[in-house]
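Visitor: this is a predicted model, with the sequence first.
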Amino acid sequence: MKNRNEPLLIFERSRAGRRATRMPPADVPVRPVEELLPADSLAVEPPPLPELAEPDVVRHFTNLSTQNMAVDTHFYPLGSCTMKYNPKRNERMAALPGLADLHPYQPEDSLQGLLHLLYELQQMLAEISGLPGVTLQPAAGAHGELTALMIAAAHFRRLGQQRTQVLTPDTSHGTNPASARMAGFQTVTLQSTPEGYVDLDDLNAKLSDQVAVLMVTNPNTLGLFDQQIREVSERVHAHGGLIYLDGANMNAILGVARPGDFGADMMHFNPHKTFSSPHGGGGPGAGPVCVSQALEAYLPNPLVGRFDSKYCLLEDRPHSIGRVRSFFGNVGVLIRAYCYLRTHGPEGLRRVSENAVLNANYLLSLVKHFLVVPHGDRCLHEFVASAAEVKKSRKIRAMDLAKRLLDYGFHAPTVYFPLTVPEAIMIEPTETESKETLDAFAETLFRILEEPWDRLQEAPLTTPISRPDEVQAARKPKLRWNSA
Ligand SMILES: *Cc1c(COP(=O)(O)O)cnc(C)c1O
């Protein structure tokens, strides 16, 4: 890790007059710039760019590239986010010139390979979800939620029903109520049982002919599968409403359970979580949406179709909600997902989930010796520990543990989510980690709990920035260097 006192910005390393290279004077006639450009287009002075020698530039950017944690350098037990290893073969496939160099305005005839791939991806997602209609367009999970809720709105408009409400459980991801509001619905919060299951009494009290959609995450954010899901769907369907499944946790049930079979009418996938394409750092994700046959007509335009062994874009679909994203969506991510699915095949995908669940339960069995894990007998792909007791006895908070883990080379788990568990620490190891990594993580967490309180307050001690003001950092990030 970098010395904290070293300048972080390339501007701070600048020294007037330094250069990477000095070219010899031109030996051909050169016209002065004043002759080439109108006077009002010329700057008064050159822009204040940093002036450095080449090795300083190279070292600066090479060192910067090592400042952050990444799944290629560190273990990332980030609950709810499924940060698994990204196989490099997927990167190579997505970079093949035949795919990477395509132009989206090329005629369909010259895009047959890509369309074939996207068509098969639609089919595979339909098979995994148990829902036949698929759009690959949405740019992320949250965008998939919005797309699905727009589909629901179009469906009820066509039926002539004015349904205004979307039910979201109190454990739901923040994007669920946000997407519902963006799609023009009111959100109504549904209480959960202590296990994070849908509270059936509260559901009964809130169900009415005003409810358009219930959004559920199953397995839920406590890493538990809600066995009542079929009953929940039946009740919602009996009132004419739809079930939306937030598919962020699909890594736990691939090839084991299909949302379409347990009552979902719509769902999204997060290929950057479940299907190993990279995420984080603001890079593109994707949020394919699968829907039941009854809702297929509303899917965004275009879909990828096939006629007489030729692939084409289907645009003539009068009930479609229209486009939600330019061209075919974030194709690079979709190619990586396709490659991942083909690599594993149906049996392999099931093993992915089985191993994800095995790893999470193994880690749970270690962690529960020193941290309370409410509802922690068994879990699926993740579990939620709580620092509430160590906070009471020793004033150690979930945040302190998360920050100190960074010093030991572990990315912090998700903390303070779900909101229903005090001092929540949400741990999801994924299937790509070895037993040794899981052992080392648990042992480190245990050792940190034995450390002096004041050291934990100062952690992390080895990162370039220690404890930013989290609220300020999110609300007023400083994204630009000012010379003044
Ligand atoms: C990650 C996540 C989302 C949002 O997905 P993005 O791809 O980040 O937009 C929604 N719900 C849950 C439960 C998630 O974990």
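Guide: Thanks, I have the structure now.
Visitor: run through who's touching stretch 347-367.
Guide: For stretch 347-367, the surrounding residues in contact (Cβ atoms under 8 Å, 6 or more residues apart in numbering) are 77, 128, 223, 251-256, 341, 344, 373, 376, 378-383, 385, 427-431, 433, 435, 438-439, 441-442, 445. Every residue, glycine included, has its C-beta placed from N, CA and C.
Visitor: mind running it again at 6 Å?
Guide: Applying Cβ atoms under 6 Å, 6 or more residues apart in numbering, the external contacts of stretch 347-367 come out as 251-256, 376, 379-383, 385, 429-431, 438, 442.
Visitor: got it, and stretch 189-196?
Guide: Under Cβ under 6 Å, 6+ apart, the answer for stretch 189-196 is 167, 169-171, 199, 202, 220, 222, 224, 375.
Visitor: what is the burial count for the closest residue to the ligand within the chain?
Guide: In the chain, the residue found nearest to the ligand is G141; the distance is 2.4 Å by Cβ to the nearest ligand atom. Other residues near G141 come to 26 when the count uses other Cβ atoms under 10 Å.
Visitor: dump the residue contacts of it.
Guide: Neighbours of G141 in contact, by Cβ under 6 Å, 6+ apart: 248, 268, 270, 287.
Visitor: so which of the residues you listed reach the ligand?
Guide: 248, 270, 287 (Cβ under 6 Å from any ligand atom).
Visitor: any of the residues you listed buried? List them.
Guide: Among the ones next to the ligand among the contacts of G141, those classed as buried by 16 or more other Cβ atoms under 10 Å are 248, 270, 287.
Visitor: shouldn't the last one be in contact with H268?
Guide: Yes - using Cβ atoms under 6 Å, G287 is in contact with H268, at 4.8 Å.
Visitor: buried set for the longest helix out of those in the chain?
Guide: In the chain, assigned by DSSP state H, the helix with the most residues is helix 331-367. Across helix 331-367, burial judged by 16+ other Cβ under 10 Å covers 331-341, 344, 349, 351-353, 355-357, 359-364, 366-367.
Visitor: could you do stretch 234-245 as well?
Guide: In stretch 234-245, counting by 16+ other Cβ under 10 Å, buried: 235-236, 241-245.
Visitor: where strands are concerned, which of the contacts of stretch 347-367 count?
Guide: Among those, the ones falling in strands (DSSP state E) are 383, 385.
Visitor: of the contacts of stretch 347-367, grab the buried ones for PyMOL.
Guide: Only the buried entries of the contacts of stretch 347-367 go into this PyMOL selection, using 16+ other Cβ under 10 Å:
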select buried, resi 251+252+253+254+255+376+379+380+381+382+383+385+429+430+431+438+442
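Visitor: who in the stretch 51-200 of the chain is up against the ligand?
Guide: 80-81, 140-142, 173, 175.
Visitor: farthest-separated two in those residues?
Guide: S80 and A140 (14.2 Å; Cβ to Cβ).
Visitor: pipe the ones next to the ligand among the contacts of G141 into TSV and attach pLDDT per row.
Guide: Conversion of those to TSV gives the following (pLDDT from 0 to 100):
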residue	pLDDT
A248	96
N270	97
G287	97
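Visitor: outline the domain layout of the protein.
Guide: Following automatic domain parsing, one finds the domains of the chain at 10-65, 88-344, 351-475.
Visitor: nearest to T73, of those domains?
Guide: Nearest to T73 among the domains of the chain is domain 351-475; the distance by Cβ to Cβ comes to 8.4 Å.
Visitor: fine by me, thanks again.
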